[in-house]
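Engineer: Curious how this folds, go ahead:
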Amino acid sequence: MTEQLTHDDFLGGKVKVWQPKTGYRAGVDPVLLAAFIQAKPDQSILELGCGVGVASLCLSARVPSVKLTGVEVQANYAALAQKNAEANGVPFDVITADLRQLPNDIRQRRFHHVIMNPPYFDRAAGTPSDDLGRDTALGGDTPLADWLDIGTRRLAPKGYLSLIQRMERLPEVLTILQRRLGSVVVMPVAGREGRAPELFLLQARQEGRAAFRMTPTLVMHAGKTHQGDQESYTAQVNDILRNGAELPIGL
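Structural biologist: Numbering: from 1, shown residues only. Below is the predicted model:
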């Protein structure tokens, strides 16, 4: 099986991850999600759709004592998440399950943080990928409303739900969360200065009462245009990707 996998470094080598050589591969997005989570030591984290575990493992590298639980529908990805956790010396309870059919013990628990990187594309409006792993990760057959509903139900009182998603789905997310969670904070993510944001990070709180807030845009790359093959991450993004820095949202 190892010849079908790659062994990749995240956070400058602080986290090392096995993942499929083809199909869906974790990249920058789960690292940004991990940086966005305002977790404290000993808090419980539930990651829905954890894939090979990159977001949870990157969060653990910054806040080592968090208690991690992950749910992943694809058995091969769930197995890799467990393997990666063990290889990185991180306790991580990975469960192979459809998030719409969570095991009873998970449905009886509440978490300080529920985090997710749901499929970016609406399956009803797109064309399936030939690769099952990639298709499930990018489209899947679970509506975004179900992700948010299930995540919200797993929150402890005053717990936080956090996600990363494509910008065109922000109205949908806000509509779903309306009157369910409050203190919503949205951080747009743009490729370069002056470009429209393509992604957003969002945090919402159970029983939150603060007004909706939009932070300044997180700009990924310096300069107006791509210059050759060299890396061009901004200093802030480079600190997140290489050093595991937190992404402050000004709470």
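Engineer: Going by C-alpha atoms from here, please, whenever you check contacts or count neighbours.
Structural biologist: Noted.
Engineer: Where does pLDDT dip in the stretch 51-200 of the chain?
Structural biologist: 122-140 (pLDDT under 70).
Engineer: hmm, 50 instead?
Structural biologist: For the stretch 51-200 of the chain, the stretches with pLDDT under 50 are 123, 125-126, 128-139.
Engineer: could you pull out the helices for it?
Structural biologist: 54-62, 75-87, 104-107, 132-138, 144-153, 170-177 (DSSP state H, counting those that start in this stretch).
Engineer: For the third one, C-alpha coordinates in CSV please.
Structural biologist: This points to helix 104-107. The C-alpha trace of helix 104-107 is given here as CSV (Å, rounded to 0.1, in the frame of the first residue of the first chain):
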residue,chain,number,x,y,z
ASN,A,104,-24.5,6.3,19.8
ASP,A,105,-21.6,7.2,22.0
ILE,A,106,-20.7,10.2,19.8
ARG,A,107,-24.4,11.3,19.7
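Engineer: Residues contacting it, please?
Structural biologist: Arg154 (C-alpha atoms under 8 Å, 6 or more residues apart in numbering).
Engineer: so of the helices of the stretch 51-200 of the chain, which one's packed in deepest?
Structural biologist: Comparing the helices of the stretch 51-200 of the chain by mean neighbour count (mean count of other C-alpha atoms under 10 Å), helix 54-62 ranks first with a mean of 25.
Engineer: Next, the angle from that helix to helix 75-87.
Structural biologist: For helix 54-62 against helix 75-87, the angle by axes from the mean of the first three to the mean of the last three C-alpha atoms, to 10 degrees is 10 degrees.
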